[in-house]
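Undergrad: What shape does this take:
(one chain, ligands or ions: 2)
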Amino acid sequence: MNTNSKTKTEITFDDFKTEVLNDYKLAVTSRECSLLGRREVLTGKAKFGIFGDGKEIPQIAWAKAFKNGDFRSGYYRDQTFMMAIGELTIEQFFAGLYADTDLSNEPMSAGRQMGGHFTTHSLDKNGEWKNLTEQKNSSADISPTAGQMPRLLGLAQASKIYREVDGIDTTKFSKEGNEIAWGTIGNASTSEGLFFETINAAGVLQVPMVISIWDDQYGISVHARHQTTKENISEILKGFQRNEKEKGYEIFRVDGWNYPELIDTYQRAAKISRKEHIPVMIHVQELTQPQGHSTSGSHERYKNQERLKWEAEYDCNAQMRLWMIANNIATDEELTALERSIKKTVREGKKAAWAAIINPIIAERKEALVLLENLATSSTNSAFITKLKNELEGFNEPLRKNILSATRKALRYVVSETSPEKIALQNWITNYFEIIQPKYSSHLHSQSEQSALNQTEILPTYDPLAEEVDGRVVLRENFDAIFSNYPEALIFGEDAGYIGDVNQGLEGLQEKHGALRVADTGIREATIIGQGIGMAMRGLRPIAEIQYLDYIMYALQIMSDDLATVQYRTKGRQKAPLIVRTRGHRLEGIWHSGSQMGGILNLIRGIHLLVPRNMTKAAGFYNTLLDSDEPALVIECLNGYRLKEKLPNNIGEFKTPIGVVETIREGNDITLVSYGSTLRLVEKAAKELVQVGIDAEIIDVQSLLPFDINHDIVKSISKTNRVMIIDEDVSGGGSAYILNEILNKQNAFQYLDSSPKTLTSKQHRPAYGTDGDYFSKPSTEDIFEAVYDVMNESNPSNYPKLR
Ligand SMILES: Cc1ncc(C[n+]2csc(CCOP(=O)(O)OP(=O)(O)O)c2C)c(N)n1
Ligand SMILES: [Mg+2]
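TA: Ligands and ions are numbered 1, 2, ... in the order given. The predicted structure is shown next:
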């Protein structure tokens, strides 16, 4: 444990004074924003507010140690830091609070995230990397507590890779790996598993990560005694402290109201971490929440008088003020005058931010009012339309919702009328949606040239006497080519390094490409994904391996909350093109046969979900993804590694297209739709069905997200007039998703002569053993009989009942 020593300064007293005064000015500016921000919520102009009051001074000290190229992964309290590094103005602070959808006013998320969620832009408007070494960087925040931790690990590890791996073009990303990844977390959020998992992993990996714990003793209303053993996180983490013999952490403890000691601590932490690549923990104690947790409640409900009194006294801004007076940096009067002028500046900034958001909406309302008035004049329902118009006009602070609500309702009154005014309004509404909807819905996926959907298929090619090899060999050869062709590509996971993964798809590759690029990790799925997210955000091309699909559950939260939303929550200004590799579907028993596709499908919108039926298809997906800038989850078939496949002669080059289905058997009687391991059973059943005169067409979905972008399945159904979806997920899962796509998006119902069917597993987890599989998941006989039943239903004389 480090104690603090005083900073030795070489600068003149006047310079020092100026710097301190600027720091105080910033602290007060940030505080005024918090105070006024809360008022804006309570008076109804903004919906919710969560602010950084009570944490200003440590963040100013931190910002002094933060250099260009560094990255932040923090949480909603960090507004003062963002202001200190020049990435948040007063206007932008309020634009965030008001949810301004204009990225030039609200650069954090264009109003998609509530205020207090911070970002810098890593990408330009075309989705191209900016030079991250020339700017101060913050990865985009998320709200789930401790959700910033896994990504922090990857942001830090990227420095290690850039420093230690040769051959990568680092121009835009790193200067010899000298960048620190700085994390922040609240004291209560250290109770989360993600915190402990990350802390351990960073200690193992020895990466330049500095984590600050803002300790205000509370997590909303819950006191530290319910959160942390011994009520002290640095006390219980003492075992992580490095010593002469063992690697570990450097741990600091400092009071959050002590300005000089904070500056000294952050300088020392940065020096150790940047140079030596040592993780550092700074436990910043004795912080406060002057306005309580957020605008949703008041802390007087759960803090006693004594605590409230202590918080008022030890408010970090108040303590800095006292220190400045005591050290002759400013007088009480001077500071009072300064505070008054800051109050005014903040009020003006707030006003400007409000004008920036409301003026365009008022202009849009004006257009709508004119159209409504014209409509009223020409309609027999004039009175009703005028009422709508007057209501819309009456809003002092109109929302787009009000404009659309009024105009859309107005159309109902003229439903049986025809007039140019009606057409004008109809067109205006359509056009308005086209302009406004993307403000809320764009960038779920990349909209750049490198989007995965822009990649074209390259078929595998074969020598005339191509060797038949185990599927895993196709993968291994392809990964070898990937690591040779892309110096920035790397893979890591449990058993992925030394033995080359549990199925030998990476056999020998660690020896060839090095232990940092083909790496073993601890058993920690969430931070394996986080490692990947952070590294991908810094320009590397990580492939994170989750050993079995069943265990992706541990990582699903971070995939869903963080990875899937990166593009969306930054409106395309950050990306994390992480490839997640896993293996799954039917093998053995409850936890090695999972195919929890419904859950995954619903949780990872924003990530492509690819389900190759063999290893050549899988390898082709990896090749496609490495040329694109999007995240994806690739699920290899667990039982396919030892099945024979021909070895292509264009290894590393062939590409499986994303979102394109493949017809693997043509037929006329029924369309069978499936994917992954189950396809082999479907193919077998189809062969047997021929024997009773049923000619099935089989379609391999291959890509669940995105799904059949060319609508090929409906084309097949228009020929066969029947469809069955065969899935080893439970009913209502993957099959329901596929059915929805086919019926609602492809309008297949019009071609159907029989009701569409799904064949799925039992509701329970799959039982162990061959019979366990047979009685849990669709078997060849199940498929045969289900298809036969459809045919029996439509033509019982040709296909009499089987049983
Ligand atoms: C996973 C998750 N659970 C619960 C919440 C609701 N929540 C938001 S902040 C918070 C308390 C966090 O306290 P702490 O980490 O000490 O940070 P502080 O707000 O005190 O700075 C809670 C429970 C959340 N955002 N995410
Ligand atoms: Mg707290």
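
Undergrad: In contact with the one residue in the stretch 501-650 of the chain that gets nearest to ligand 2: list those residues for me.
TA: Here the stretch 501-650 of the chain gets closest to ligand 2 at one residue, Asp561, 20.2 Å apart by CB to the ion. C-beta here means a position set from N, CA and C on the backbone, and glycine is covered the same way. Neighbouring residues of Asp561 by CB atoms under 8 Å, 6 or more residues apart in numbering: 142, 144, 147.

Undergrad: is it true that the first one lies in a helix?
TA: Put plainly, it is Ile142. No - secondary structure of Ile142 (DSSP: H, G, I helix; E, B strand; the rest coil): coil, not part of a helix.

Undergrad: you'd agree Phe51 is up against Gly37?
TA: Yes - in this structure, Phe51 is within contact of Gly37 by CB atoms under 8 Å, at 5.6 Å.

Undergrad: ranges for the strands of the stretch 1-150 of the chain?
TA: 71-73, 137-138 (DSSP state E, counting those that start in this stretch).

Undergrad: Just give the number of residues close to Leu643.
TA: 14 (other CB atoms under 10 Å).

Undergrad: Also Gly589?
TA: With other CB under 10 Å as criterion, Gly589 counts 16.

Undergrad: Ok, the one 10 residues further on next?
TA: Neighbourhood size, Gly599 [other CB under 10 Å]: 17.

Undergrad: residue contacts, Leu26?
TA: 56, 60, 80, 83-84.

Undergrad: can you rerun that using 6 Å?
TA: 83-84 (CB atoms under 6 Å, 6 or more residues apart in numbering).

Undergrad: One more: Ser677?
TA: Here Ser677 is in contact with 585-586, 637, 639 (CB under 6 Å, 6+ apart).

Undergrad: Return the backbone torsion pair for Leu609.
TA: Phi and psi for Leu609, reported as degrees, to the nearest 10, are phi -120, psi 110.

Undergrad: quick one, phi psi at the nearest residue to it once chain neighbours are set aside?
TA: For Leu609, ignoring the flanking residues on the chain, the nearest one in space by CB to CB, 6 or more residues apart in numbering is Leu705 at 4.0 Å. The phi and psi values for Leu705, taken as degrees, to the nearest 10, are phi -130, psi 110.

Undergrad: With ligand 2 as the reference, measure out to Leu705.
TA: 37 Å (CB to the ion, to the nearest Å).

Undergrad: and if you look at Gly203?
TA: 23 Å.

Undergrad: Now do the contacts for Asn187.
TA: Contacts for Asn187 (CB under 6 Å, 6+ apart) come out as 213, 215.

Undergrad: quick one, what contacts Asn105?
TA: Asn105 touches 95, 356, counting by CB under 6 Å, 6+ apart.

Undergrad: Use 623 as the first number from now on
TA: In the new numbering, first residue 623, that becomes Asn727.

Undergrad: if I look at it, how far off is Glu1056?
TA: Using CB to CB, to the nearest Å, we find Asn727 at a distance of 21 Å from Glu1056.

Undergrad: now swap in Ile1080 and tell me
TA: 35 Å.

Undergrad: between the two, which one's more packed in?
TA: Neighbours were counted for Ile1080 and for Glu1056 using other CB under 10 Å; Ile1080 has more, 15 against 9.

Undergrad: what's the pLDDT at the residue lying closest to the more buried one once chain neighbours are set aside?
TA: Leaving out its chain neighbours, the residue that sits closest to Ile1080 by CB to CB, 6+ apart is Lys1277, at 4.4 Å. Lys1277 is assigned 98 on the pLDDT scale.

Undergrad: What of Met623?
TA: Confidence score, pLDDT, at Met623: 55.

Undergrad: which residues touch the one residue in the stretch 723-872 of the chain that gets nearest to ligand 1?
TA: Nearest residue of the stretch 723-872 of the chain to ligand 1, counting by CB to the nearest ligand atom: Gly808, 2.0 Å away. By CB under 6 Å, 6+ apart, Gly808 lies in contact with Trp836.

Undergrad: and what of Glu1089?
TA: Here Glu1089 is in contact with Leu1269 (criterion: CB under 6 Å, 6+ apart).

Undergrad: ditto for Gly1122
TA: Taking CB under 6 Å, 6+ apart, one finds 1128-1129, 1131 in contact with Gly1122.

Undergrad: Which one of those sits in the busiest neighbourhood?
TA: Leu1128 (29 neighbours).

Undergrad: which stretch of helix or strand covers that residue?
TA: Under DSSP states H and E, no helix or strand contains Leu1128.

Undergrad: what pLDDT does it get?
TA: Reported pLDDT for Leu1128: 98.

Undergrad: List the backbone torsions phi and psi for the residue in the stretch 673-822 of the chain positioned nearest to ligand 2.
TA: Going by CB to the ion, ligand 2 is nearest to Gly808 of the stretch 673-822 of the chain, at 4.0 Å. Dihedral pair for Gly808: phi -80, psi 160, per degrees, to the nearest 10.

Undergrad: Alongside ligand 2, which residues does the stretch 723-872 of the chain contribute?
TA: 808-810, 838, 840 (CB under 5 Å from the ion).

Undergrad: on that earlier part again, quick one: the residue of the stretch 1123-1272 of the chain closest to ligand 2 and Met1157, what's the gap?
TA: Distance from Asp1183 to Met1157, by CB to CB: 18 Å.

Undergrad: cool, Ala1046 as well?
TA: For Ala1046, the distance to Met1157 - CB to CB - is 53 Å.
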